[in-house]
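Student: sharing a model that was predicted from the sequence below.
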Amino acid sequence: QVQLVESGGGLVQPGGSLRLSCAASGSTSYIHLMGWYRQAPGKSRELLATAINGESPNYTDSMKGRGTISRDKNTLYLQMNILEPEDTAVYYCKGEGLTYYVGDSPRYEYDLWGQGTQVTVSA
């Protein structure tokens, strides 16, 4: 099986920075699109940015120009700067169009979510 595993969350002071990572486990050979979402308490999950394999990232207004995503094959990063308390949320990674192997057998997963990593911005 394949999993997306996020890491790098934690407690950070307002104005601080954080870098999140999302790595695909298992024998993942290709992920078409990877993206970062977040869900604040009492709010719906929102898209922050996506990165299609081989293309430049796309950002939504939710990033407010304070974040940058980068991708290294099947690992996705989110660098967030000048964090505000409103950035407190669980941050999720999503992959779409995953190809992976179980032994010698190729498998396909249409979309897959990570378990999320908590980011808390507080003094």
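Tutor: Sure, I can see it. What you are looking at is a predicted structure, and each value in this text was computed from that prediction instead of being measured.
Student: so for residue 1, what's the pLDDT?
Tutor: In this model, residue 1 is scored at 81, pLDDT.
Student: which ones are touching it?
Tutor: 26, 102 (Cβ atoms under 8 Å, 6 or more residues apart in numbering). Every C-beta, even on glycine, is put in place using the N, C-alpha and C of the backbone.
Student: flag the shaky bits of this protein, pLDDT-wise.
Tutor: Applying pLDDT under 70 to the chain flags no residue at all.
Student: any chance you could map the strands in the protein?
Tutor: All strands of the chain, identified by DSSP state E, fall at 4-7, 10-12, 18-24, 27-39, 46-52, 58-59, 67-72, 75-80, 89-102, 105-113, 117-121.
Student: give the pairing partners of the first one; include direction for each.
Tutor: By that I understand strand 4-7. strand 18-24 (antiparallel) (DSSP bridges).
Student: what is the orientation angle of the strand it pairs with with strand 67-72?
Tutor: When axes from the mean of the first three to the mean of the last three Cα atoms, to 10 degrees is applied, the directions of strand 18-24 and strand 67-72 differ by 30 degrees.
Student: let me know the angle separating strand 18-24 from strand 105-113.
Tutor: Using the same axes, to 10 degrees, strand 18-24 lies at 150 degrees relative to strand 105-113.
Student: ok, back up a step: got CSV for the strands of the chain, with mean neighbour count too?
Tutor: As requested, the strands of the chain are exported to CSV (neighbours: other Cβ atoms under 10 Å):
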stretch, mean neighbour count
strand 4-7, 18
strand 10-12, 13
strand 18-24, 20
strand 27-39, 20
strand 46-52, 18
strand 58-59, 15
strand 67-72, 16
strand 75-80, 22
strand 89-102, 19
strand 105-113, 13
strand 117-121, 18
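Student: quick check: residue 89 touching residue 36?
Tutor: No: if you go by Cβ atoms under 8 Å, residue 89 and residue 36 don't touch, sitting 10.7 Å apart.
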